[in-house]
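> Quick one: sequence plus predicted model below, questions after.
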Amino acid sequence: MTDAEKPLDENAVIAKYKELQSECNSLINKVTELEADRNEHRLVEETLTPLDGNRRAFRLVGGVLVERTVGEVLPSVTSNRANLDIVIKDLETRLETKQKETMGWKTKYNIKTAEEADAVRKQSQITA
């Protein structure tokens, strides 16, 4: 038997499920953080777009405030926002895959969360 075919004990099943949940939560947090960054980039883009390209603009680069022109800053902000869009889309795809894997694991081993177990208990008390 390979490792994938060996029956797992209850603790290993629960540990794997918790690991999958943790990975999902981590991806959700990262997507949320990057969406906030993307929104900030979009706001800066909207603010700089109508301005003259020769106007002074200050940009925070690695913790250092650098003086540039709007014409220099705007393309890099636009590029960064586009890159953030790509990364967010990739993370959302990975999150969706991980959530499907988690649900598959939950269904395969009939895992119930505490809330689900309480709901089942209450339902059985009502019907009894």
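Nice, I can see it. Numbers count the residues shown, from 1 in each chain.
> residues making contact with the helix or strand where residue 119 lies?
In the assignment (DSSP states H and E), residue 119 maps to helix 114-127. Residues from elsewhere that reach helix 114-127, judged by C-beta atoms under 8 Å, 6 or more residues apart in numbering: residue 112. Where you see a C-beta, it was placed from the backbone N, CA and C, and this is true even at glycine.
> Next: stretch 30-50.
Counting by C-beta under 8 Å, 6+ apart, 57, 70, 73-74, 77-78, 80-81, 84-85, 87-88, 91-92, 95 sit against stretch 30-50.
> Closest one of these to residue 22?
residue 95 (12.7 Å; C-beta to C-beta).
> Find the nearest non-adjacent residue to the closest one, please.
residue 27 (4.2 Å; C-beta to C-beta, 6 or more residues apart in numbering).
> How far does the helix or strand containing residue 60 sit from its chain's centre?
Here residue 60 sits within strand 56-61, counting by DSSP H and E. Relative to the centre of its chain, strand 56-61 is centred 28 Å away, using C-alpha atoms, centre = their mean, to the nearest Å.
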